[in-house]
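Novice: Next come a sequence and a model predicted from it.
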Amino acid sequence: MTYVVTDACIRCKYMDCVEVCPVDCFYEGDNMLVINPSECIDCGVCEPECPAEAILPDTESGLEKWMELNTTFSASWPNITRKRDAPDDADEHKGEDGKFEKYFSPEPGQGD
């Protein structure tokens, strides 16, 4: 088992999860984070830390798309190990539907 980040993270990018991850398996895109499933140790400490409820265990059904996205982009986006402030408009996008289609960016973030 591993954990994956879903579209609930897009434009929210709170980063509370990054701070608690014991193995630094988060990678930063322009407007969301992903988890490298090969590095994740399935400890689950990140899941309850996410205010957007964007992190889910891969054992939940329907997450194949997100597993693929996390795998793909964790290979090319920079590693992030330190929490930074969320975007100023993060709360406005929390819980918004259809964020992947509206806002997803394949561009990398700044990382550490």
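Specialist: The structure has been received and is ready for your questions.
Novice: Check which helices and strands the strand or helix carrying Leu56 is in contact with.
Specialist: Assigned by DSSP states H and E, Leu56 falls within strand 55-57. Under the contact criterion of 3 or more Cβ pairs under 8 Å, 6 or more residues apart in numbering; DSSP states H and E, strand 55-57 touches strand 3-5. Where C-beta positions appear, they are placed from N, C-alpha and C, glycine not excepted.
Novice: what residues are up against Glu47?
Specialist: Residues counted as contacts of Glu47 (Cβ atoms under 8 Å, 6 or more residues apart in numbering) are 3, 17, 55-57.
Novice: For PyMOL, write a command that selects the buried ones of these.
Specialist: Those of those that count as buried under 16 or more other Cβ atoms under 10 Å are selected in PyMOL with:
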select buried, resi 3+17+55+56
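Novice: The contacts of Glu47: which two are farthest apart?
Specialist: Maximum pairwise distance in those, criterion Cβ to Cβ, is 13.5 Å, between Cys17 and Pro57.
Novice: can you map out the helices along this structure?
Specialist: Under the criterion DSSP state H, helices of the chain are mapped to 16-20, 64-74, 90-93, 99-103.
Novice: Restrict the second one to CA atoms and write it as PDB.
Specialist: By that I understand helix 64-74. C-alpha atoms of helix 64-74 as PDB (Å, rounded to 0.1, in the frame of the first residue of the first chain):
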ATOM      1  CA  GLU A  64      -5.700   4.500 -10.500                       C
ATOM      2  CA  LYS A  65      -5.500   7.800 -12.300                       C
ATOM      3  CA  TRP A  66      -4.000   9.500  -9.200                       C
ATOM      4  CA  MET A  67      -1.500   6.600  -8.700                       C
ATOM      5  CA  GLU A  68      -0.300   7.100 -12.200                       C
ATOM      6  CA  LEU A  69      -0.200  10.900 -11.900                       C
ATOM      7  CA  ASN A  70       1.800  10.700  -8.600                       C
ATOM      8  CA  THR A  71       4.200   8.100 -10.100                       C
ATOM      9  CA  THR A  72       4.800  10.200 -13.300                       C
ATOM     10  CA  PHE A  73       5.300  13.600 -11.800                       C
ATOM     11  CA  SER A  74       7.300  12.500  -8.700                       C
END
